[in-house]
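Peer 1: Pasting the sequence and the predicted coordinates here, then a few questions.
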Amino acid sequence: MDRHLIVLSCSATKVEHRDPLPAVTRYDGPYYKVLNSCIRERGWPPSLSIAVLSAEYGLIGGLTQIDGYDRRMDERRATELRERCTETLMKWSATHSSATLVLGRDYLPAINFDAMTSLRTIVPEGPIGMKLQALSNRLHEFRTTRVRRELPARRAGAPLYFLPDWDDLLDADFDFVSDSFSAAERSQRKEQHCIQIMQPRRMCDGVLVSLAQNQGTKGILRRVEPTDLESLAPQSIRTKYGLRDDQWAFGDCGAFSYSSEPEPTISTEQAVSLYHLHGFDLGASVDHIPLPAIEGPNGAKLLTTAERRRRIALTRANAREFLEVWNRRKCSFTPVGIIQGITAQDYARQLPEYVDMGYSFIALGGLVPRSDSDIEEVVRAVAKSRAAFARSRGGDVRLHLFGVFRPKLQATFRECGISSFDSATYFRKAWLRSDQNYLGADGQWYAAVRVPMMSDARTRKRLEASGLSEKTLLRMEKASLEALHEYSAGKVTAGDALAAVHRYDELLSRGDENSGSLYEKYRRTLESKPWQFCGCPVCKQLGIDVLIFRGYNRNKRRGAHNTYQLYRSLREG
Ligand SMILES: [Zn+2]
């Protein structure tokens, strides 16, 4: 790809904040004002890379998370950084056709321009005003527009459904007949998210991505090294998931991941910055769940009522701060205020306060571990509070329920005007349940047929405990898959296919599971052939393989199919 790099000098003016921030957010000098105003208006151009030449850190990608510091660049420091900076720039030159270096005079000794043989460099000259103009002109050469994607008007009936993402990328060209990946190396495979695999069918109204991934090494928001190519430009959430115009990217902070910590592990400044840079359509404020007990080093620890109340107040204070930062940065994503509570009245009482802060989109958090009746009480109380507020003050507020599907409560949710929810329950049932893995088009659940993988070290060890040789086991594994494929092609009976599966699978002796009844469930699956009655792209492509319990390429595709069926039932129900 023909990428263009812009390198900016660091600035003395910085956003004061205790936690690390992406460099393009941290610096607040004139160059960064021009850059950020351009990104605000037009989005981050897909072919633009931004780097910073910093007196403290040297040459780093613009997305690198940095702490505040106070150090000025001078000739001596620049000369000191010269070797390392030149090396980094040469590394980046492999993927960039040209670079514009908008640098103060003191910064220039940090780059050995004679070494830049393969990179066309442009160095705007003159006083700062001219450099700012050159930067602005360069940025405007990128053809891009930011589209603000508003949600459809709230309507009676089906709430919008968001699929929470767990980095569910699949090998788009996995070969189900030979049971092999399209390439040995993951980087050589064409990887697609379940949402893309399911296209042109729609399985959700959008995706919910948690910023908690930023703490880890996986996912779109993982931390990157300062000179990695990924640190030069944010990956667009919408592009990663292949979202259509009528699907939305919703971000939250993943509060369950830090619920055992005294404070949230992400700050409001960080959250706003990440939602903004990665092009989210909706971003939720930073909450902290007032759980009755948390996991400690010595087992579960009860939280005092005072501590739980503190978390509710902290969540509210964060929501207020979130809007302030959102306003200051003039962000274009829709801000979503999260309410936490212990009782139903806690949630209901806070709603008018959130609306007064300026929220027209409010989400209820912390409901996941609660019973259906608890959730119903909360939802009814909040809906009542919203109606009372609307009667006295007007306006309309959307309500989102985090992590809650609850089939039995769907009628209540409609009645109470819930606008959206997210849940991965049906997706994950595909492999977490032993016998309800596939939701048929007839509304019935079916068991997926297990064919254990010899390539899995633990399974292999258990199979080898049977005393059979590796060669024999591999042959039985292959025979099971072949028998299922032959059954689907009408060449053998269900009984024959089941016998091959049974011979191999029973070697695992699943302990307390009632294996006899499981095989009866397999028989029901095979005889009913539910894969023939679903029109989704996964079932059409995989056929019987969507009902084979084996490896993430089959299991997560089955999860995608379940989600598609859930989505269909929500639209029709
Ligand atoms: Zn299907």
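Peer 2: Arrived safely. If you're wondering where the values come from, they're calculated on a predicted model, not measured in any experiment.

Peer 1: tell me, how many neighbours does the closest residue to residue 2 other than its chain neighbours end up with?
Peer 2: Spatially, and ignoring its direct neighbours in sequence, residue 2 is nearest to residue 97 (5.1 Å; CB to CB, 6 or more residues apart in numbering). C-beta: built from backbone N, CA, C; applies to glycine. Residue 97: 14 surrounding residues under other CB atoms under 10 Å.

Peer 1: Can you classify residue 60 by secondary structure?
Peer 2: strand (DSSP: H, G, I helix; E, B strand; the rest coil).

Peer 1: Now it. Nearest residue, chain neighbours left out?
Peer 2: Nearest non-adjacent residue to residue 60, counting by CB to CB, 6+ apart: residue 226, 3.9 Å away.

Peer 1: mind checking how far that neighbour is from the ion?
Peer 2: 44 Å (CB to the ion, to the nearest Å).

Peer 1: Just the CA atoms of the host helix or strand of the residue nearest to residue 2, as PDB, please.
Peer 2: Assessed by DSSP states H and E, residue 97 sits inside strand 96-102. This file holds the C-alpha atoms of strand 96-102, laid out as PDB (Å, rounded to 0.1, in the frame of the first residue of the first chain):
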ATOM      1  CA  HIS A  96       6.100   4.300   2.900                       C
ATOM      2  CA  SER A  97       6.600   6.100  -0.500                       C
ATOM      3  CA  SER A  98       7.400   9.500   1.000                       C
ATOM      4  CA  ALA A  99       7.700  11.400   4.300                       C
ATOM      5  CA  THR A 100       7.000  15.000   5.200                       C
ATOM      6  CA  LEU A 101       9.100  16.100   8.200                       C
ATOM      7  CA  VAL A 102       7.500  19.100   9.800                       C
END
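
Peer 1: So which elements touch that strand?
Peer 2: When contacts are defined as 3 or more CB pairs under 8 Å, 6 or more residues apart in numbering; DSSP states H and E, strand 96-102 packs onto strand 3-9, helix 75-93, strand 120-122, helix 128-140.

Peer 1: Go again with 7 Å.
Peer 2: Counting by 3 or more CB pairs under 7 Å, 6 or more residues apart in numbering; DSSP states H and E, the packing neighbours recorded for strand 96-102 are strand 3-9, strand 120-122, helix 128-140.

Peer 1: quick one: contacts of it?
Peer 2: With CB atoms under 7 Å, 6 or more residues apart in numbering as the contact definition, strand 96-102 has outside contacts at 2-8, 31, 49, 111, 119-124, 131, 134-135, 138.

Peer 1: How about stretch 528-543?
Peer 2: Contacts for stretch 528-543 (CB under 7 Å, 6+ apart): 176, 197-198, 201, 438, 440-442, 446, 488, 544, 546-547, 557, 560-561, 564.

Peer 1: Endpoints of that stretch, how far apart?
Peer 2: Stretch 528-543 has an end-to-end distance of 13 Å (CA to CA, to the nearest Å).

Peer 1: does the one residue sitting closest to the centre of the chain have beta-bridge partners, and which?
Peer 2: Nearest residue to the geometric centre of the chain (CA atoms, centre = their mean): residue 209, 2.9 Å. When bridges are called by DSSP bridges, residue 209 pairs up with residue 251.

Peer 1: Quick check: residues of this protein near the ion?
Peer 2: 534, 536, 539, 561 (CB under 5 Å from the ion).

Peer 1: Show only the entries of those residues found in strands.
Peer 2: Assigned to strands by DSSP state E, none of the residues of the chain next to the ion qualify.

Peer 1: Dump the residues you listed into JSON lines; add pLDDT as well.
Peer 2: As requested, those are exported to JSON lines (pLDDT from 0 to 100):
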{"residue": "534", "pLDDT": "96"}
{"residue": "536", "pLDDT": "96"}
{"residue": "539", "pLDDT": "97"}
{"residue": "561", "pLDDT": "97"}
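
Peer 1: tell me the mean pLDDT for the host helix or strand of residue 352?
Peer 2: Element membership for residue 352, per DSSP H and E: helix 344-357. What helix 344-357 shows for mean pLDDT is 97.
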